[in-house]
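>>> compute the structure for the input listed below.
(2 chains)
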Amino acid sequence: MKERILEVRGLNVDYGMGPESVRAVRDVDLTLHRGEVLGLAGESGSGKSTLAYGMTRLLPPPGIVAGGEVIYHLDDGTTVDLLRIRDADLRRLRWSEIAIVFQGAINSLNPVQRISTQLVDVLKAHSASTPRARLDRARELLTLVGIASDRLNSYPHQLSGGMRQRVMIAMALALEPRVVIMDEPTTALDVVVQRQILRTLVDLRERLGFSVVFITHDLSLLVEFSDRIAIMYAGQVVEEAASADLYRTPLHPYSDGLLQSFPALKGPKRELSGIAGSPPDLRMMPSGCPFHPRCARAMDVCGQQTPVLGQSRAGRSVACWLHPVSVG
Amino acid sequence: MTAEVAPAVSGVVSTEIVLEADGLTKHFPIRTPLARTAKAVRAVEGVSLQLRRGSVTALVGESGSGKSTVARLLAQLYPLTSGEIRLHGENVAVQRGWMRGRKFRAYCRRVQMIFQDPFASLNPVHTIRYHLTRALTIHGNRGDDLEKSLADLLTRVHLTPAERYLDRYPHELSGGQRQRVAIARALAASPEVLLADEPVSMLDVSIRLGVLNLLRDLKERLHLSILYITHDIASARYFADETVVMYAGQVVEGGESETVTQKPAHPYTQLLIESAPDPDRPALEEKDGGAGEPPSLIEPPPGCRFHPRCPFVMDVCRTDVPPRFELGDGHFAACWLYREEAS
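I've put the predicted structure just below:
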């Protein structure tokens, strides 16, 4: 059995308080194992980024974590709940244990400081070493992600989009974290650059052995690149399975629809339809299953009762009345 | 939902060329605060393409490859540096300055553009009724009964019942609905050509196909010719009859979509197709090649602009710009690898 490293249990995240509040993430359970890539797929507004920021306590107001726990397994076998530990303890864990690559490197790098300053800053905050050693480490990090180390003194605007994203990855890996959360790291990039960066990432993961939570809306990318995939819709995880299983036999109609939304480059040309309708407004969620107004296979029960995520067969979880949860 | 064969007939649907670009070139001069320099960004260089009646032509390329500039040139939003734009064989490009006033409006009436971001292309303080009424009035298509014209437009883009949408503001609609309104507004001019600049890349994945299918439906019913600009070559295969691939401001390959995507000839197209996510591929197994990045367009490399990244680079590539080599059935590639085959 694979070792668990990060467990999310019953996480709820709201935006705003009181009667006006909107629940963006609803009862999410996720488990990340050591060394695996967990893909988190969903459309915009499905709560995937909110989930990532909520579980790392990085959510800016008015976002509020309304409940749940995030258990992190430390190296020595003890566990901590990230949502409840003291700020000082969390600061120690951040970046050295759990690092994040944010969406849009252009916005995440400081435009008036050199890359070297920004890389060294991370090292300075977390470890006591000489300036010289830090600079050496920064150089090493750049080489690691495939940038010539003489670019160390460049400013962000002197680098291309792909290189900036690599700098962000280098920064995330600076302290050799055990978990890296990547929020749409390649969305703004072209396919050729995207592939180069993913290749670097796969390489590094094999060498350094960290786990990745990879957030994207591009399901076809995840199928190729991740070990397991969780599909989110309107703040809930509706299906979770090994990538290959999900691709071959999607159980939830929404997963099926998403897979049908990407035209294929190879094989016979097929008529595709996407999914009718649009994602629900979180302020006015439909009753029952949030997907039922768009679902071609909706039944009476779907509009009345909310299906819960459960094991329908070995290794598969799905929240859909078509696949009743097997008990025991 | 599946198994049906796409209605996009292979083969060139019709031969009537509506809009034609011949050797389009656009250089953006670089100005320093004190003086003009002789330098320029060579954004588009010698691009030729044809839009046929009732057919979709896809223009595929990375960001910065000049594909949006081509669309804006075709819409006459930028003056040309050189080259010619012909509408039904008649030269419409004005060399100096803007094509102002009456002549420009007459051109707009026939060639309409749809932009990438429907959040930005609709005015947030006006209703859908206002947007569409204005378009109808300006282009003289109000008809006898405005209400009916408005309803017809919305029905065409599958926003029914029309009354439900007419008095809404853009923020009350979802992304897909907003893009449909933008399409309806373009149709208000009853154009012959639609220039769609990444019409679905800002939309949610699950509704992209809905909008593409709508455009295809319109193409068939109204015999529009559509230029579909995209960075997603898989959607070009799905949606377009012909595909043209651009790299660093130049056209490198073109032909029927099926041929271009299944038997790519130019090394750049091959790289693009290999890089696209493919769920059927076991893992990230890779050949080498494709390293590097697109060149600077201020001082582009001499010869073929792809040669610094090309795995098949030869001496001639470094010095001479490759012309188009015909590969049969309208398929062409601008690459020295095909010199013998063509001659």
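>>> helices of chain B, residue ranges please.
Ranges of helices within chain B are B:67-74, B:101-110, B:118-121, B:128-138, B:146-156, B:162-166, B:175-187, B:205-222, B:233-239, B:257-262, B:267-275, B:315-319, B:339-342, based on DSSP state H.
>>> CSV please, covering the ones you listed and showing mean neighbour count.
In this view, the C-beta of every residue, glycine as well, is placed from N, C-alpha and C. Output for those, formatted as CSV (neighbours: other Cβ atoms under 10 Å in any protein chain shown):
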stretch, mean neighbour count
helix B:67-74, 23
helix B:101-110, 14
helix B:118-121, 16
helix B:128-138, 18
helix B:146-156, 17
helix B:162-166, 16
helix B:175-187, 23
helix B:205-222, 20
helix B:233-239, 25
helix B:257-262, 22
helix B:267-275, 22
helix B:315-319, 14
helix B:339-342, 12
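>>> switch those helices over to JSON lines; also include mean pLDDT and distance to A:Gly146.
Output for these, formatted as JSON lines (pLDDT from 0 to 100; distance: least, Cβ to Cβ, whole Å):
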{"stretch": "helix B:67-74", "mean pLDDT": "90", "distance to A:Gly146": "27"}
{"stretch": "helix B:101-110", "mean pLDDT": "82", "distance to A:Gly146": "47"}
{"stretch": "helix B:118-121", "mean pLDDT": "85", "distance to A:Gly146": "35"}
{"stretch": "helix B:128-138", "mean pLDDT": "92", "distance to A:Gly146": "47"}
{"stretch": "helix B:146-156", "mean pLDDT": "91", "distance to A:Gly146": "49"}
{"stretch": "helix B:162-166", "mean pLDDT": "87", "distance to A:Gly146": "49"}
{"stretch": "helix B:175-187", "mean pLDDT": "91", "distance to A:Gly146": "35"}
{"stretch": "helix B:205-222", "mean pLDDT": "88", "distance to A:Gly146": "29"}
{"stretch": "helix B:233-239", "mean pLDDT": "90", "distance to A:Gly146": "25"}
{"stretch": "helix B:257-262", "mean pLDDT": "92", "distance to A:Gly146": "29"}
{"stretch": "helix B:267-275", "mean pLDDT": "89", "distance to A:Gly146": "16"}
{"stretch": "helix B:315-319", "mean pLDDT": "90", "distance to A:Gly146": "25"}
{"stretch": "helix B:339-342", "mean pLDDT": "68", "distance to A:Gly146": "34"}
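>>> distance to A:Ala230 for these - can I get that in CSV?
Shown next, in CSV, are those (distance: least, Cβ to Cβ, whole Å):
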stretch, distance to A:Ala230
helix B:67-74, 35
helix B:101-110, 47
helix B:118-121, 28
helix B:128-138, 37
helix B:146-156, 38
helix B:162-166, 35
helix B:175-187, 24
helix B:205-222, 16
helix B:233-239, 24
helix B:257-262, 31
helix B:267-275, 25
helix B:315-319, 46
helix B:339-342, 49
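>>> low-confidence regions, the stretch 1-150 of chain B specifically.
Applying pLDDT under 70 to the stretch 1-150 of chain B flags the ranges B:1-14, B:35-36, B:93-100.
>>> how about the strands of it, start to end?
Per DSSP state E, counting those that start in this stretch, the stretch 1-150 of chain B carries strands over the ranges B:17-31, B:36-52, B:56-60, B:82-87, B:90-91, B:111-114.
>>> does A:Arg178 touch A:Ala99 like I think?
No. Assessed by Cβ atoms under 8 Å, A:Arg178 is found out of contact with A:Ala99, at 9.2 Å.
>>> and the strands of the stretch 1-150 of chain B as TSV, adding distance to chain A?
Output for the strands of the stretch 1-150 of chain B, formatted as TSV (distance: least, Cβ to the nearest Cβ, whole Å):
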stretch	distance to chain A
strand B:17-31	16
strand B:36-52	15
strand B:56-60	10
strand B:82-87	26
strand B:90-91	35
strand B:111-114	18
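>>> so for B:Asn213, which of those strands sits nearest?
If you check each of the strands of the stretch 1-150 of chain B against B:Asn213 by Cβ to Cβ, strand B:56-60 wins as the nearest, at 11.9 Å.
>>> what helices or strands is that closest one leaning on?
strand B:36-52, helix B:67-74, helix B:205-222, strand B:225-230, helix B:233-239, strand B:242-247 (3 or more Cβ pairs under 8 Å, 6 or more residues apart in numbering or on different chains; DSSP states H and E).
>>> try it again at 6 Å.
Strand B:56-60 sits against strand B:225-230, helix B:233-239, strand B:242-247, with contacts defined as 3 or more Cβ pairs under 6 Å, 6 or more residues apart in numbering or on different chains; DSSP states H and E.
>>> up against chain A, what does the stretch 201-343 of chain B have?
Applying Cβ under 6 Å from any Cβ of the partner chain, we find that the stretch 201-343 of chain B lies next to chain A at B:204-207, B:209-210, B:234-235, B:238, B:261, B:275-277, B:279, B:281, B:284, B:290, B:293.
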